[in-house]
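> I would like to see how this sequence folds:
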Amino acid sequence: MKTLFLFTLSVVLALNLSARENPFSMTDVFEEETGRMIEPNERPTTPEELQEAQYIREMQQKMSNANRNSVDTTTPKETKPVTKTYSKQEVDSLIQKTKKQTEQKTKEIVKKELANTKVAEPEQIVYVKPRADISEEDALVAKEILPFLKIEYSDNKLIIHTDNSVSKKFNIIKENKIVIDYKAKLNFNTKNENIDSKNFKKIAVGNHKSEGFFRVAIEVTTKPTNYNVTYKDNLITISKLN
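Residues are numbered from 1 along each chain as shown. Purely as a prediction, here's the structure:
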């Protein structure tokens, strides 16, 4: 019996040494050995056999635990996506870039809208403070006809302002017009303007550059003989007679 115990112990030690080199192969040997020892017709009966079987089970359990501990059961950690961070200077730079892009787009849109829109030039009408020699009923309205010619008018009076000298004055009775010619050689297109007055209807300025003058024609509501025309201080004044 002692011989059997020593033999079994030698086998266990040998298997223990082998298990350190190959844990998985060792497990199979012990399982096979344990199966052999617990066959019904070979169950231990004496105290020595029971002690030997108990020792073998303990050694098998230790080897099984060693095998489980030697296996790497750790799982790789999931890698999280890296979130990019920006410095304050980078953020400010991005904001300025976005503003410039927005301003440029806005300017382009405005330019397109202006190009497709015709802007009407406002009529240049200036209300002039009444002069001391004119009553409140004859308060004058100033109006620019051309850059070199302006008028002031009321219901009963019309004044022509220009730096050019008068060369001739006459009436066209059939058309109820008072005509005044000025000495000048100017380039401009014929101009026609309505006059908001009870006694003056329209004013027309025609270009006669080749002949050295331009003509101003005032259309009145009644015969030109019902109006008085005076020339003083480079001003032509046309007044309605009572």
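> what's the following helix or strand after the worst-scoring helix or strand of the chain on mean pLDDT?
The helix or strand of the chain with the poorest confidence is helix 23-37; it has a mean of 45 (mean pLDDT, DSSP states H and E). Toward the C-terminus, helix 23-37 is succeeded by helix 47-70 as the next helix or strand (DSSP states H and E).
> pLDDT on that next one, on average?
Averaging the model's pLDDT scores along helix 47-70 yields 73.
> quick one: which helix or strand includes Val91?
helix 88-115.
> got the domain ranges for the protein?
Domain segmentation of the chain under automatic domain parsing yields 2-69, 125-240.
> those: lowest mean pLDDT?
domain 2-69 (a mean of 58).
> from Leu186, how far off is the residue lying closest to Phe188 once chain neighbours are set aside?
For Phe188, ignoring the flanking residues on the chain, the nearest one in space by Cβ to Cβ, 6 or more residues apart in numbering is Asn207 at 5.5 Å. For glycine as for every other residue, the C-beta is placed from the backbone atoms N, C-alpha and C. Distance of Asn207 to Leu186, given as Cβ to Cβ, to the nearest Å: 7 Å.
> intersection of neighbour lists for the two?
Phe214 (Cβ atoms under 8 Å, 6 or more residues apart in numbering).
> returning to that earlier point: can you tell me the SS state at the residue nearest to Phe188?
Following DSSP: H, G, I helix; E, B strand; the rest coil, Asn207 is assigned to strand.
> my read: it touches Ala184, true?
No. Counting by Cβ atoms under 8 Å, Ala184 is not a contact partner of Asn207; they are 9.4 Å apart.
> shared neighbours of those two, anything?
Phe214.
> quick one, what contacts the residue nearest to Phe188?
Asn207 makes contact with Leu186, Asn187, Phe188, Asn189, Thr190, Phe214, according to Cβ under 8 Å, 6+ apart.
> repeat that for 7 Å
Residues near Asn207 by Cβ atoms under 7 Å, 6 or more residues apart in numbering: Leu186, Phe188, Thr190, Phe214.
> now do Glu219
Asn176, Lys177, Lys201, Lys202.
> what's the spacing between the second one and Leu158?
Using Cβ to Cβ, one obtains 13 Å as the distance from Lys177 to Leu158.
> list the residues that contact both of these two?
Taking Cβ under 7 Å, 6+ apart as the contact rule, Lys177 and Leu158 both touch Ile218.
> what about the two, which has more around it?
Counted by other Cβ atoms under 10 Å, Lys177 and Leu158 do not tie: Leu158 has more neighbours, with 25 against 18.
> just checking, that one touches Asn199?
No. Leu158 sits out of contact with Asn199 when judged by Cβ atoms under 7 Å, with a separation of 8.3 Å.
> cheers, nothing more for now.
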